[in-house]
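Peer 1: Give me coordinates for this.
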Amino acid sequence: MAENIRVAVRQRPFNGRERDMGCENIIEVHGKREVLVKDPEEPSKEPRQYTFDFAYDDSSTQEGVYTDLGAPIVRKALEGFNATMFAYGQTGSGKTFTMMGSKDM
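Peer 2: Residues are numbered from 1 along each chain as shown. Okay, the predicted model is just below:
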């Protein structure tokens with residue numbers, strides 16, 4: 001049954017405030033599944049590596065995320081299967097951006 005659960009992560013672009021502050025990007029997305037997270041306090045330290053079913057960098061598009069994640073769920077729901085998609089994360093982490101997009105980013 002695990003093949004029915006998919007976990008994806010999406011790096012949202014910096015917002016205007018973060019750009020103005022000169023925030024540093026500590027996340028690298030490699031390929032379509034791997035994410036490396038650098039420790040800003042110890043830049044020489046090896047980054048932590050995480051693997052997901054899907055990984056999207058800050059240049060990903062709403063269309064690309066929908067094609068990979070949303071469309072299959074909608075298709076199954078229309079075929080009569082139960083289907084759920086939800087975004088999880090702390091405040092400001094990009095849930096609304098991932099589900100709805102934003103014109104000011």
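
Peer 1: number of nearby residues for Phe81?
Peer 2: Burial of Phe81 is recorded as 10 neighbouring residues (other CB atoms under 10 Å). Backbone N, C-alpha and C define where each C-beta goes, glycine included.

Peer 1: Now do stretch 41-50, average pLDDT.
Peer 2: For stretch 41-50, mean pLDDT rounds to 93.

Peer 1: Next one, pLDDT for the residue nearest to Pro40 when sequence neighbours are not counted please.
Peer 2: Nearest non-adjacent residue to Pro40, counting by CB to CB, 6 or more residues apart in numbering: Ile26, 5.3 Å away. Per-residue confidence (pLDDT) for Ile26: 93.

Peer 1: ok, now Met105?
Peer 2: 46.

Peer 1: which stretches of this structure have low pLDDT?
Peer 2: 1-3, 92-94, 97-105 (pLDDT under 70).

Peer 1: mind listing the helices for this structure?
Peer 2: Taking DSSP state H to define them, one finds helices in the chain at 16-20, 62-65, 71-78, 95-100.

Peer 1: Compare those and report which one is nearest to Lys45.
Peer 2: helix 16-20 (22.8 Å; CB to CB).
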